[in-house]
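1. fold the following.
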Amino acid sequence: MSPINYKQFTALLPTAYLPSLTYMVVLISSHKAHIELQETYPKQTWRNRCRINTANGTLDLIVPVNKPQGNHTKTRNVKTSNHEKWQAMHWRAMNSAYGKTPYFMFYKDLLAPFYVNTYSGLLWQFNWDLLETIGKELGMQIPLCTTKVYEKNPRGMTDFRNAIVPKNTGSNHTLVCHWPAYYQVFSERSGFVADLSIIDLLFHIGPDSVQYLEEACQHLVGYPMEG
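-> Residues are numbered from 1 along each chain as shown. This is a model prediction of the structure:
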């Protein structure tokens, strides 16, 4: 598999909650990214979940959602649900998992407003605001826009809508062929765990996160280019 041409493609991506590092690599590898909002919302994806590492192994943090039109609801209309106190639960999990990381205290106040203030709006907007906040803090140039119509076979874009999903763990689905290890607080117990949420990288290596992702861009491989 040969490397994808860095900054030579427009990415079509799903919305994602505190995205995985693969998602972030695709995002910053592209010269522009479109976030899909017009699709029928699918189940069990990164759209409403992220993966962190804890003392007991990896843990998926899941945002409960409301779908006003049931299984026919478009992603643009999916709302977060407050039937569960998910924000408080996620924040406790993050504090437990990352409280002893080198940069947790440095970035804690950046993320706290998303978890101490009750949110019952659109899922994609919550995801967007989180990503924008993290990107701005790190000085990342992330040219984002949202889709206005749904295209099953989009032209002029590389379609990653179904390529970065929790179940894609086999070698046939690996978009980034190499993840250099970085310090993780639980590495002595579980070894290095690659491709977690962006917050794992952020809390462990802080401002060096951008350099890490840019270097990982060189290992983005084997995906069809724009149609």
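2. contacts and neighbour counts: CA atoms only from here.
-> Fine.
3. restricting to C-alpha, output the helix or strand harbouring Ala97 in CSV.
-> According to DSSP states H and E, Ala97 maps onto helix 86-98. C-alpha atoms of helix 86-98 as CSV (Å, rounded to 0.1, in the frame of the first residue of the first chain):
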residue,chain,number,x,y,z
TRP,A,86,-23.9,11.2,30.6
GLN,A,87,-21.9,14.5,30.8
ALA,A,88,-21.1,13.9,34.5
MET,A,89,-20.3,10.3,33.9
HIS,A,90,-17.9,11.1,31.0
TRP,A,91,-16.2,13.8,33.0
ARG,A,92,-15.7,11.5,36.0
ALA,A,93,-14.2,8.9,33.6
MET,A,94,-11.9,11.4,32.0
ASN,A,95,-10.7,12.6,35.4
SER,A,96,-10.1,9.0,36.6
ALA,A,97,-8.3,8.0,33.5
TYR,A,98,-6.2,11.1,32.9
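4. distance from the chain centre to that helix, please.
-> Averaging C-alpha positions (CA atoms, centre = their mean, to the nearest Å) puts helix 86-98 17 Å from its chain's average.
5. what packs against the helix or strand just after it?
-> As assigned by DSSP H and E, the chain's next helix or strand after helix 86-98 is helix 104-111. When contacts are defined as 3 or more CA pairs under 8 Å, 6 or more residues apart in numbering; DSSP states H and E, helix 104-111 packs onto helix 123-138, helix 198-205.
6. mean neighbour count for the ones you listed - can I get that in JSON lines?
-> As requested, those are exported to JSON lines (neighbours: other CA atoms under 10 Å):
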{"stretch": "helix 123-138", "mean neighbour count": "17"}
{"stretch": "helix 198-205", "mean neighbour count": "23"}
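7. gap between the two ends of stretch 17-32?
-> 19 Å (CA to CA, to the nearest Å).
8. about what we covered before: got the angle between the helix holding Ala97 and helix 198-205?
-> Put simply, helix 86-98 runs at 40 degrees to helix 198-205, going by axes from the mean of the first three to the mean of the last three CA atoms, to 10 degrees.
9. good, wrapping up.
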